[in-house]
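Visitor: Can you look at this prediction? I've put the sequence above it.
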Amino acid sequence: MRRAPAAHDFNGWVAQLGVSSCRRRAKLYLLAAGPPALPALRRGLLHQNTIVRRQCVGILDHLADEASLVSLVSALDDPDASVSARALHSLACDRCKENDCRPGEDLWVPRALELLHDPNPDRRAAAIDALGKVARRRPDAAAALAAAAEADSDRGLRGMARRRTPTSPLGTPSEPRAPGSTVG
């Protein structure tokens, strides 16, 4: 195992995310470090190693602050689909956040709408998932999911979009059903 970087050498800890034998320790250290590690994590989104970029996005999912949001939106254009997909999750998911930062939808939804037409099915799946989190309150997201449910070239993604579209098969808004009830 490699020697650990100095306690406040957050760039060194980010670099260790790219070393399989050090990755877990580095990830735990950066998560525990919290806000002081954020500038290094944002720089890590530009790292040459895809694994480092993906790990930084994953950590920012938990620690993101306002300054990180622009970097996460930029990561939507990462050449690796797994990084951009994880960035979409980070921007859309409130459950993972360990602080009060909640990304503004106006910052990422327009790009997610564009990614519904990306040639990469992993990016489209991530866009469907992210838009599904906001579709009940955003007519543009609901309409885009309905269109993807009809027109996506991938059968599985059409089904995924259908499940995340906030209307029932009868065309009325979905309501949670009581356990054991049936659809008439």
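Guide: Structure's in. What do you need? Numbers count the residues shown, from 1 in each chain.
Visitor: Kindly confirm whether my reading is correct that residue 38 touches residue 59.
Guide: No. If you go by CB atoms under 8 Å, residue 38 and residue 59 don't touch, sitting 9.3 Å apart. All C-beta atoms are positioned from the backbone trio N, CA, C, and that covers glycine.
Visitor: When those two are compared, which one has more neighbours?
Guide: residue 59 (23 against 20; other CB atoms under 10 Å).
Visitor: Quickly note the distance from that one to residue 70.
Guide: Here residue 59 is placed at a distance of 17 Å from residue 70 (CB to CB, to the nearest Å).
Visitor: export the helix or strand where residue 82 lies as CSV, just CAs?
Guide: Using DSSP states H and E, residue 82 falls within helix 81-92. Taking Å, rounded to 0.1, in the frame of the first residue of the first chain, the C-alpha atoms of helix 81-92 are listed here in CSV:
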residue,chain,number,x,y,z
ALA,A,81,-20.6,8.3,-19.9
SER,A,82,-20.2,6.8,-16.3
VAL,A,83,-18.9,10.2,-15.1
SER,A,84,-21.6,12.2,-16.7
ALA,A,85,-24.3,9.8,-15.5
ARG,A,86,-23.0,10.0,-12.0
ALA,A,87,-22.9,13.8,-12.2
LEU,A,88,-26.6,13.8,-13.2
HIS,A,89,-27.4,11.6,-10.2
SER,A,90,-25.4,14.0,-8.0
LEU,A,91,-27.3,17.0,-9.2
ALA,A,92,-30.8,15.3,-9.0
